[in-house]
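**Student:** Return atomic coordinates for the entry below.
(one chain, ligands or ions: 1)
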Amino acid sequence: MRIAFTKMHGLGNDFVVLDARAAPLPELTCTFASALADRRTGIGCDQLIVLDHSSVADLRMRIFNADGGEVEACGNASRAVALLHGQPARIETAGGLIEATPGAAGISIDMGEPRFEWNAIPLAYAMDTHHMPVAWEMLDQPTAVNVGNPHVIFFVDDCDAVELDRLGPEIEHDPLFPQRINVNVATVTARDAVRLRVWERGVGLTRACGTGACATAIGAMRRGLVDRAVTVTLPGGPLRIEWNQAGRIIMTGPAAESFRGTFDSRDFGA
Ligand SMILES: N[C@H](CCC[C@H](N)C(=O)O)C(=O)O
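**Tutor:** Down below sits the predicted model:
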């Protein structure tokens, strides 16, 4: 069947967006998602995003990483979906309900409340009982936060100097993380500024990670390194993260549509 798609990105973290409300889609298998995401033989993206009707929100957003695995949250895609929706929206995700509000300063997403308990990240056991691999010791004691999806954050003197392409997969797949994890290396440069690079679970190095920016900002706030509103600058650009008085994370930043097209599902094994 012919399927329409919209190619979008948030600070260079890119997505193929399909809308099941417009026309039926084939079964969303791991094979189908990873084939679409392949940058040489497919359309190419960090995440496949599938929109659908919701019984509890304005719409539902499903998120598939480039490796085909379905996950709970995607901050940058939330803004892209809000751009497509064109007005304020409550969006149902596997990581919980989020609220999108387009505005002059960019699209704001209420990502909900962060979670810190070791079994909410989840960790296989409390981190202090886990012998960190030698590589981790080079990165100092990490912070773990769940912002709908799991993140571990290492605050380092120079995040650009970290061999994240080597350490990222090692940490992502460490047995401490039964659902794997997104790996963040961050450098605090001021009370309201953080630099960040992310190795994304199921993808690898991305130009930006919205949930990574949220998790890193919250981790820095909990450590008293920054104030309750910071600009997190990723390779793809900046995001504004606030942890508001209600304890909710508000992320604000851009989203863009790149192009639209169609493909034949049979070309992707569906
Ligand atoms: N790789 C993430 C999903 C996408 C997150 C990122 N693209 C964002 O903008 O939040 C995970 O496996 O939890």
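**Student:** I'd assumed residue 239 was in a helix, is it?
**Tutor:** No: under DSSP: H, G, I helix; E, B strand; the rest coil, residue 239 sits outside any helix and is assigned strand.
**Student:** Neighbours of the closest residue in space to it that isn't next to it in sequence, how many?
**Tutor:** What sits nearest to residue 239 in space, not counting adjacent residues and going by CB to CB, 6 or more residues apart in numbering, is residue 253, at 4.1 Å. In this view, the C-beta of every residue, glycine as well, is placed from N, C-alpha and C. Number of residues near residue 253 (other CB atoms under 10 Å) recorded here: 26.
**Student:** list the contacts for residue 253?
**Tutor:** Residues in contact with residue 253 (CB atoms under 8 Å, 6 or more residues apart in numbering) are 10, 11, 76, 79, 106, 107, 210, 237, 238, 239, 240.
**Student:** After the helix or strand containing residue 250, which helix or strand is next?
**Tutor:** Secondary structure assigned from DSSP states H and E places residue 250 in strand 249-253. Downstream of strand 249-253, the first helix or strand assigned by DSSP H and E is strand 256-264.
**Student:** how about the residues of the stretch 51-200 of the chain that lie near the ligand?
**Tutor:** Counting by CB under 6 Å from any ligand atom, the residues of the stretch 51-200 of the chain close to the ligand are 63, 65, 71, 74, 75, 76, 149, 182, 200.
**Student:** first to last residue in stretch 162-182, what's the distance?
**Tutor:** Start-to-end span of stretch 162-182 (CA to CA, to the nearest Å) is 15 Å.
**Student:** again, but for stretch 93-106
**Tutor:** 21 Å.
**Student:** mean confidence score for it?
**Tutor:** The pLDDT scores in stretch 93-106 average 95.
**Student:** buried sites along it?
**Tutor:** 93, 95, 98, 99, 100, 102, 106 (16 or more other CB atoms under 10 Å).
**Student:** Closest one to the ligand out of those, please.
**Tutor:** residue 95 (8.4 Å; CB to the nearest ligand atom).
**Student:** and the nearest residue to that closest one once chain neighbours are set aside, what is it in contact with?
**Tutor:** Leaving aside its sequence neighbours, residue 95 sits nearest to residue 148 (CB to CB, 6+ apart; 2.8 Å). Applying CB under 8 Å, 6+ apart, we find residue 148 in contact with 72, 73, 93, 95, 96, 98, 111, 112, 211.
**Student:** 7 Å - rerun?
**Tutor:** By CB atoms under 7 Å, 6 or more residues apart in numbering, the contact list for residue 148 reads 72, 73, 93, 95, 96, 111, 112, 211.
**Student:** if I look at the nearest residue to residue 56 once chain neighbours are set aside, how far off is the ligand?
**Tutor:** Spatial nearest neighbour of residue 56, chain neighbours left out: residue 92 (5.6 Å); criterion: CB to CB, 6+ apart. Between residue 92 and the ligand the distance is 16 Å, computed by CB to the nearest ligand atom, to the nearest Å.
**Student:** partners of whichever strand or helix holds residue 92 in the sheet?
**Tutor:** For residue 92, the host element (DSSP H and E) is strand 89-93. Sheet partners assigned to strand 89-93 using DSSP bridges are listed as strand 59-65 (parallel), strand 96-103 (antiparallel).
**Student:** Tell me how far the first one lies from the chain's centre.
**Tutor:** Going back to what we said before, that points to strand 59-65. 11 Å (CA atoms, centre = their mean, to the nearest Å).
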